[in-house]
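Chemist: Model the following, please.
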Amino acid sequence: MSDKPFYEHHVFFCLNQRKPGERTCCADKGAQAAQEHAKKRIKQLGLAGEGKVRINKAGCLERCEEGPVVVIYPQGTWYTFVDNEDIDEIIDTHIVGGKIVDRLKI
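Modeler: Numbering: from 1, shown residues only. From the prediction side, this is the model:
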């Protein structure tokens, strides 16, 4: 058994959907489209697969008011985002470049 993580980066997008009138949720802030964009971009860059990067959907990550949110493991770095440009910056800077995107970190 190895101490090395199965994925270099395991990325979880909160896609939780709440009932109308309840607490805010990531699903109402474009999280699904962002997750799909990230998954497609990671594949295009040839970064998908074992030992590389995995983009996953997640239920509520309990940071609703800061959302939409994405968390990258094993580092445990939390980000918020507004659009695909933010997602691309997270991919290019954090996943590819190994540096934190301070302006999007929560």
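
Chemist: Just the pLDDT at the residue most central in space within the chain, thanks.
Modeler: Of all residues in the chain, the one closest to the mean position by Cα atoms, centre = their mean is residue 70, 3.3 Å from it. Listed pLDDT for residue 70 reads 98.

Chemist: Relative to residue 8, how far out is it?
Modeler: Using Cβ to Cβ, to the nearest Å, one gets 16 Å for the distance from residue 70 to residue 8. In this view, the C-beta of every residue, glycine as well, is placed from N, C-alpha and C.

Chemist: sorry, back to before: isn't the residue nearest to the centre of the chain up against residue 86?
Modeler: No. Using Cβ atoms under 8 Å, residue 70 is not in contact with residue 86, being 9.5 Å away.

Chemist: gap between the helix or strand containing residue 11 and the chain center?
Modeler: Per DSSP states H and E: residue 11 is located in strand 9-14. The chain centroid and the centroid of strand 9-14 are separated by 4 Å, computed with Cα atoms, centre = their mean, to the nearest Å.

Chemist: do the same with stretch 78-95
Modeler: In terms of Cα atoms, centre = their mean, the centre of stretch 78-95 is found 8 Å from the chain centre.

Chemist: list the buried ones in it?
Modeler: With burial defined by 16 or more other Cβ atoms under 10 Å, the residues of stretch 78-95 counted as buried are 78-81, 86-87, 89-91, 93-95.

Chemist: Residues contacting that stretch, please?
Modeler: Where contact means Cβ atoms under 8 Å, 6 or more residues apart in numbering, the residues beyond stretch 78-95 that reach it are 9, 11, 30, 33-34, 37-38, 41-42, 45, 47, 53, 63, 66-72, 77, 99-101, 104-106.
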